[in-house]
Every structure is written in C-alpha cells, then in structure tokens.
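In: just need the structure, nothing else, for what follows:
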Amino acid sequence: MRRTAQEIHNPDLISQVIANALVCRLGLCKDNVPYIVPVSFGYDGACIYFHTAPEGLKLEFFAANPQVCFEFEDEVKTISKPEACQWSASYASVIGYGVIEEIVEPQRKTYALNQIMRHYSGREWNFDPNQIPKTRVWSIAIERMTGKQSKDKLASQLSANNTNFRE
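Out: Down below sits the predicted model:
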C-alpha cells in the first residue's frame, strides 16, 4: 500500500467496513481478460459467501481461475473544493484476495445463505429445503485483505480514540 498512513490495521474496523458495505465487487480473470462483477454477500470473519444463477459468465471465470480479488467500500463521498485539482474523496475500503469454491453440502449452503441474509436483514432465516439443491452457493476463503481510509476518516477515528482514552 502506497499510503501506509491511511491503512486500516484494526481488524474490527476492517470488519466494520465490510458490515456496512452494500455490495462486494469480485475481480476475476480468464485467459488474461479481467472481469469485475458486483454480488450480494455475507461475511463471517473467515469467508465471503454469495449465490449465483445456475449458469452465467462469472461461473465461466470461476471455473477458469479460482483466484479472486474482492472489494468493499463504505461511506464514499466526494469532497468538492473551489479548484478542480483540489477535489478528493472521503471513504473507507477493503481489498483482499482469496480462493473461490462452490458449496454443495446442504448444511453448509444453509449456513452460507444465512450469512448473506443476516448481512442484509440482521437475522437468521428458514429456507425451503426444496430450494437448497437448486441454489448455487459459493465461498471465498480469504487469504489476505487490507483496509484503507481517507485522511478525514483517520482524523475522526483518532479524535474518537483520544476522547475514549481520556474517559
């Protein structure tokens, strides 16, 4: 990471960015052709989970190369200034790498689907057992990930930490 001062080192803050993200973007590659696709997701601290249609372009990429890159972002805003070249952005993001694998066991599928639903609804769900075999579910075993935040986020975080320290 070029701007190491903006790196998020705290795993809880990285998890918070992921928890607040609305979408996970997957970076895939097949035959030297890149492909980026957004997916709805769940996260349990070790893996990212999502489901797909029975067939499609991203499945061709998964089969060709199980190595993936993923990205999450939270609270992205443009910071405008009077001069064009002074503009910047306020953000927190996470980028990582892992290996994708299809989940085929019904219990693991149910677990993964509940991780997805918990991310968006905050609760567990009961699934129709007849739908589980028809649903393709995937996991990304996270190998590594890093977080980064803009200077304004870092400053507010440091300010909050200093306030907590004084209490």
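In: which residues does Val99 contact?
Out: 66-68, 140-141, 143 (C-beta atoms under 8 Å, 6 or more residues apart in numbering). The way it works is simple: take the backbone N, C-alpha and C, and place the C-beta from them, glycine included.
In: go again using 10 Å as the cut-off
Out: Shown in contact with Val99 (C-beta atoms under 10 Å, 6 or more residues apart in numbering): 65-68, 139-143.
In: and it, what's its pLDDT?
Out: Predicted confidence (pLDDT) for Val99: 98.
In: tell me what it is bridged to.
Out: With DSSP bridges applied, Val99 shows beta-bridge pairing to Gln67, Ala141.
In: just the one 4 residues further on next, same as before
Out: Per DSSP bridges, residues listed as beta-bridge partners of Ile103: Val137.
In: in the chain, what helix or strand scores lowest on average pLDDT?
Out: Within the chain, confidence by mean pLDDT, DSSP states H and E is lowest for helix 151-166 among all helices and strands, at a mean of 54.
In: what subset of the contacts of Val99 is buried?
Out: 68, 139-140, 142 (16 or more other C-beta atoms under 10 Å).
In: can you give me the strands in this structure?
Out: Under the criterion DSSP state E, the chain contains strands at 7-8, 24-30, 33-39, 42-43, 47-52, 67-79, 88-103, 136-149.
In: nearest to Ile116, out of those?
Out: Set against Ile116 and scored by C-beta to C-beta, the strands of the chain come closest in strand 42-43, at 3.7 Å.
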